[in-house]
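*Asks:* mind folding the following:
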Amino acid sequence: MASSSFYSGTGVTPDNTDVDPVVPSNITAIEDSTNAAQAAATAAAASAALAEASKNSITGLTVATGAAGSSASFNSALSLLTVPRGDTGVTGPQGATGPQGATGSQGATGDTGPQGATGPQGATGPQGATGPQGATGPQGATGPQGATGADSTVAGPQGPTGATGATGPQGPAGSDATVTTANVTAAGALMDSEVTNLAQVKAFDSSDYATAAQGANADTAYGWGDHAAAGYTTAAAAESNALALAIALG
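*Replies:* So this is what the prediction gives:
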């Protein structure tokens, strides 16, 4: 048998007929079907030739196609010649795939999808440079005066000693009289015998006695009555007594 497309895949080609083909398992069935189709085609062709010859010899002959596998027949009453249709041939091999068609036009854009979820917060960037110093604002209003503090009981520091005064004029020469207790007493000096609290006077401490200012305060506080009659000593009398005592003690 000549090489044909039925040997596709067996290695047998029109230019390579000496190759020992590898016969597939169904090649025999395909060949039997092909032979049967060729036989049917031959029979159909013979019937068609016979019908055509009969047609030419009969006036007004009508030809119709009969069913496949049936016999040819003639109906004289109708002048109808029925010729059977040949068997359907074996389906040929699949043809080569045609070229790729042109790309179709771009379809319409679909609707925008929903907004995606917000991503995580990025890391904080580095600290920016410090800006320039702003202008100084106006002076604020002066606040209210604070409360006056309490008077301190601690005495302030001793002031500087004043300059020595000029020497006074020479006094008159004294008499040659002998100094006696009688003479001193007669001169108005306060004698020890006249002081009943001599020990207290000698132990005099200014902090134990009222000052002139305190005496004035006492005079103001006790404005009622007669102080002299009550036996109170005034600031002037106290100062006089202290001066006399200092003179007596030298």
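*Asks:* mind listing what's buried in the lengthiest helix in the chain?
*Replies:* In the chain, taking DSSP state H as the definition, the longest helix is helix 27-57. For helix 27-57, burial by neighbour count (16 or more other Cβ atoms under 10 Å) applies to 40, 44, 47, 51, 55. (Glycine included, C-beta is placed from N, CA and C.)
*Asks:* can you pull the pLDDT of Asp176?
*Replies:* For Asp176, the model assigns a pLDDT of 53.
*Asks:* do the one 3 residues further on as well
*Replies:* On the pLDDT scale, Val179 is placed at 79.
*Asks:* and for the one 4 residues further on?
*Replies:* According to the predicted model, the pLDDT of Asn183 comes to 84.
*Asks:* thinking Ala40 is in contact with Asp87, fair?
*Replies:* Yes: between Ala40 and Asp87 there is a contact at 4.2 Å, judged by Cβ atoms under 8 Å.
*Asks:* okay, now the unreliable bits of the chain?
*Replies:* Where the chain drops to pLDDT under 70, the residues are 1-26, 54-60, 147-156, 168-177, 215, 218-238, 250.
*Asks:* break it down into its structural domains.
*Replies:* 5-84, 188-248 (automatic domain parsing).
*Asks:* do a quick rundown of the strands in the protein.
*Replies:* Using DSSP state E, the strands found in the chain span residues 62-66, 73-75, 80-84.
*Asks:* which parts of stretch 107-122 are buried?
*Replies:* For stretch 107-122, the neighbour count (16+ other Cβ under 10 Å) marks no residue as buried.
*Asks:* and that stretch, C-alpha only, in CSV?
*Replies:* Extracted in CSV, the C-alpha atoms of stretch 107-122 (Å, rounded to 0.1, in the frame of the first residue of the first chain):
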residue,chain,number,x,y,z
GLY,A,107,-13.1,46.5,26.9
ALA,A,108,-14.6,49.2,29.0
THR,A,109,-12.9,50.0,32.3
GLY,A,110,-14.5,48.4,35.3
ASP,A,111,-15.7,50.2,38.4
THR,A,112,-13.1,51.3,40.9
GLY,A,113,-12.7,48.9,43.7
PRO,A,114,-13.2,49.8,47.4
GLN,A,115,-10.5,51.8,49.2
GLY,A,116,-7.9,49.5,50.8
ALA,A,117,-7.3,49.5,54.5
THR,A,118,-4.9,52.2,55.9
GLY,A,119,-1.3,50.9,56.4
PRO,A,120,0.5,51.0,59.7
GLN,A,121,1.9,54.3,61.0
GLY,A,122,5.4,54.9,59.8
